[in-house]
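*Asks:* kindly generate the corresponding structure for this input.
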Amino acid sequence: MKRQTFKLLSGTFVALAFLLASCHSSYEVVKAEGDRIPMDSTWDATPDAEAVALLAPYKAKIDSVMYSVVGTAEMSMDRYRPESLLSNLVADVLREAAAGVHGKPADMGLVNVGGIRNVLTEGPITTENIYEILPFENSLCVLVMKGSAMKHLFENIAVRGGEGVSGIQLEISKDGKLLQATIGGKPVADEQVYTVATIDYLADGNDGMTAFLQADKRECPEGATLRGLFMDYVRQQTAAGKKITSRMEGRVTIKE
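*Replies:* Next comes the predicted model:
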């Protein structure tokens, strides 16, 4: 029996080799190799004119939306731990958005720094900018938790070296231990009930936020995506003649 080696490029189904083998009984597949073809700007050198013409009207419509200016950033804002201008801003937006669920802002807002994927630069803010900053379809969730569970949540945040928070202040150690915490400037009472506005990804216990699994109640309004809430905030501020801004407040500090 003859043997033949097939080398398959990326995008070709390996099953094709076995199909060929079944069509030609005198051959047996003994090895299949894969390779990768980088999909980068190299392919833009000789674009397919017919494809470009076909896509042109759709591209124009998308560009008109994505490049539209929806607001102005007063300063450039980055995201990092333990505290940053952009993570503070996004956490504030979440906390305020809870008013649509409970009639008032939540006691705490929380967003994971890893979910904020780009910086907000000083100057015009386009729809594209907001999609780059918040690319995921994360949705608002408002959780009701006792103070004892909140302390556990603060410990989760301390282990990660901080996250984007609003309405609270944490002091943590270099090795990720919670040293001190306040909510609204007051000590945490174990039996008191608090509300936390976050995203569904974290509410499910991801990124180490296991304390959310102890929540007494959870509400995630349909269609309230974080990106949509942030977009609405920018438009509202713009309509009021205000620029988008943020500030550092020592929300999470690491004790040296």
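*Asks:* at the geometric centre of this protein, which residue sits there?
*Replies:* G115 (2.7 Å; CA atoms, centre = their mean).
*Asks:* what sits against that one?
*Replies:* The contact partners of G115, taken as CB atoms under 8 Å, 6 or more residues apart in numbering, are L134, F136, N138, I199, Y201, L226. In this view, the C-beta of every residue, glycine as well, is placed from N, C-alpha and C.
*Asks:* in TSV: the residues you listed, plus distance to S76 and pLDDT.
*Replies:* Below are the contacts of G115 laid out as TSV (distance: CB to CB, whole Å; pLDDT from 0 to 100):
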residue	distance to S76	pLDDT
L134	17	98
F136	22	96
N138	23	97
I199	24	98
Y201	26	98
L226	21	98
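*Asks:* hmm, back to that, can you tell me how far the residue nearest to the centre of the chain is from G162?
*Replies:* Note on G115: its distance to G162, by CB to CB, to the nearest Å, is 14 Å.
*Asks:* how about the secondary structure of K104?
*Replies:* What DSSP: H, G, I helix; E, B strand; the rest coil gives for K104 is coil.
*Asks:* quick one: pLDDT of the nearest residue to it once chain neighbours are set aside?
*Replies:* Among residues not flanking K104 along the chain, A98 sits closest, at 7.4 Å (CB to CB, 6 or more residues apart in numbering). A98 is assigned 98 on the pLDDT scale.
*Asks:* and what of L8?
*Replies:* 44.
*Asks:* check T5 too.
*Replies:* pLDDT, T5: 45.
*Asks:* cool, G164 as well?
*Replies:* At G164, the pLDDT value in this model is 98.
*Asks:* spit out the contact partners of it.
*Replies:* Per CB under 8 Å, 6+ apart, neighbours of G164: 79, 84, 86-88, 90-91, 109-113, 116.
*Asks:* likewise for L86?
*Replies:* Contacts of L86 by CB under 8 Å, 6+ apart are M77, D78, R79, I116, V119, L120, I133, G164, S246.
*Asks:* chain center to the helix or strand hosting V52, what's the gap?
*Replies:* Element membership of V52 [criterion: DSSP states H and E] is helix 49-66. Mean C-alpha position of helix 49-66 versus that of the full chain (CA atoms, centre = their mean, to the nearest Å) differs by 28 Å.
*Asks:* how about the strands in the stretch 51-200 of the chain?
*Replies:* 69-73, 108-111, 123-126, 140-146, 164-166, 168-173, 178-183, 186-187, 193-199 (DSSP state E, counting those that start in this stretch).
*Asks:* of those strands, which is nearest Q214?
*Replies:* Nearest of these to Q214, taken as CB to CB: strand 140-146 at 6.7 Å.
*Asks:* next, the angle from that closest one to strand 193-199.
*Replies:* Orientation check (axes from the mean of the first three to the mean of the last three CA atoms, to 10 degrees): strand 140-146 against strand 193-199 gives 150 degrees.
*Asks:* who does strand 140-146 pair up with?
*Replies:* strand 193-199 (antiparallel), strand 217-219 (antiparallel) (DSSP bridges).
*Asks:* of these, which stretch is the most buried?
*Replies:* strand 193-199 (a mean of 26; mean count of other CB atoms under 10 Å).
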